[in-house]
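>>> Give me a 3D structure for the following:
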Amino acid sequence: MRILIATQGHYGQRIADNIRKYGPTSWRVHTFTFEQNLPAIVDDADEFLPKELPKADLLISLGEHPGVAQMIPDMVKKSGTKAVIAPADNRTWLPPGLAQQIKRKLESMGVDMVYPVPFCTLSEKDSQNPVIVEFAKYFGRPDVDIELDNDRIKRVIVIRGSPCGCSRYVAEGLVGIWERDAVEKAGLLHHQYPCLSTMVMDQEFEDTLMHRAGLMTKLAAESAIKSAKVARR
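Take a look at the predicted model:
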């Protein structure tokens, strides 16, 4: 699979690096970095995009300014992709209204788009597009397998990791922890990584996106511990 990742700063670069490192070796990951100072409204995307972009099966837009999101249809045309993941770990980067406008525009072009909020909530059920489903097998909502030794965590295997790499950091930090403390510890490790999702209260979820991301990590640990206990009986 060919992936084109549009970045604009440390947030996107960290995700791109993690996907390169832990994605299947058959994936080809290219990045394009936007400048930081973009206008509020991008009238001509050609001022900020190269004449050509690498051909891709999947575009992941990780801009830290709504101007990047506005150029998603232009990036799609230049890369030839038919699938887009445009997450929002900060709503100011991609507000819901703009996301819906872009999604409708892409649908008219025959292109599928998902809008996970935040990125680590993405799952295979979010799309029927085979490219997005393939990506979500490896990155998105954390899914781990835990092995217990008596009442301590012996080993944690990351089945699907958060795109930023937090899941692997948490997995390493849980080894040796009492299983009764593991869920709370997972939440603490998530914040220590650190998570770059916003701490601004989100109207849709009535919580911050950072807390929502932390919840995904804690639920993964909780589910894995329950399965480990069942397997031990």
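
>>> Could you point out the longest strand of this protein?
With secondary structure taken from DSSP state E, the chain has its longest strand at strand 152-160.

>>> Spatially nearest residue to the residue nearest the centre of the chain (excluding sequence neighbours)?
Centroid-nearest residue in the chain, with C-alpha atoms, centre = their mean: residue 119, separated by 3.2 Å. Leaving out its chain neighbours, the residue that sits closest to residue 119 by C-beta to C-beta, 6 or more residues apart in numbering is residue 87, at 3.6 Å. The way it works is simple: take the backbone N, C-alpha and C, and place the C-beta from them, glycine included.

>>> what does residue 169 give?
The spatial neighbour of residue 169 that comes closest, neighbours along the chain excluded (C-beta to C-beta, 6+ apart), is residue 193 at 5.0 Å.

>>> Need the pLDDT of that neighbour.
Here, the pLDDT recorded for residue 193 equals 95.

>>> so who does it touch?
Residue 193 sits next to 164-166, 169-170 when contact means C-beta atoms under 8 Å, 6 or more residues apart in numbering.

>>> Turn those residues into a markdown table, including neighbour count and pLDDT.
As requested, the contacts of residue 193 are arranged in a markdown table below (neighbours: other C-beta atoms under 10 Å; pLDDT from 0 to 100):
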| residue | neighbour count | pLDDT |
| --- | --- | --- |
| 164 | 26 | 97 |
| 165 | 19 | 97 |
| 166 | 27 | 97 |
| 169 | 18 | 98 |
| 170 | 29 | 98 |
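
>>> These: which two are farthest apart?
Farthest pair in the contacts of residue 193 (C-beta to C-beta) is 164 and 170. Separation: 11.2 Å.

>>> Can you pull the domain assignment for the chain?
Split into domains by automatic domain parsing, the chain comes to 2-136, 143-232.

>>> pLDDT averaged over the longest one, what's the number?
The average pLDDT within domain 2-136 is 96.

>>> Quick one: end-to-end length of it, please.
Domain 2-136 has an end-to-end distance of 14 Å (criterion: C-alpha to C-alpha, to the nearest Å).

>>> Send me the host helix or strand of residue 21 as PDB with only the CA atoms.
Assigned by DSSP states H and E, residue 21 belongs to helix 10-22. Extracted C-alpha coordinates of helix 10-22, given in PDB (Å, rounded to 0.1, in the frame of the first residue of the first chain):
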ATOM      1  CA  HIS A  10       6.000  17.700  15.300                       C
ATOM      2  CA  TYR A  11       2.500  16.200  15.800                       C
ATOM      3  CA  GLY A  12       2.200  14.900  12.200                       C
ATOM      4  CA  GLN A  13       5.900  14.000  11.900                       C
ATOM      5  CA  ARG A  14       5.700  11.800  15.000                       C
ATOM      6  CA  ILE A  15       2.800   9.900  13.500                       C
ATOM      7  CA  ALA A  16       4.500   9.500  10.100                       C
ATOM      8  CA  ASP A  17       7.700   8.200  11.800                       C
ATOM      9  CA  ASN A  18       5.700   5.700  13.800                       C
ATOM     10  CA  ILE A  19       3.800   4.400  10.800                       C
ATOM     11  CA  ARG A  20       7.000   4.000   8.900                       C
ATOM     12  CA  LYS A  21       8.600   2.100  11.800                       C
ATOM     13  CA  TYR A  22       5.800  -0.200  12.700                       C
END
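
>>> tell me the angle it makes with strand 152-160.
Computed by axes from the mean of the first three to the mean of the last three C-alpha atoms, to 10 degrees, the angle separating helix 10-22 from strand 152-160 equals 100 degrees.
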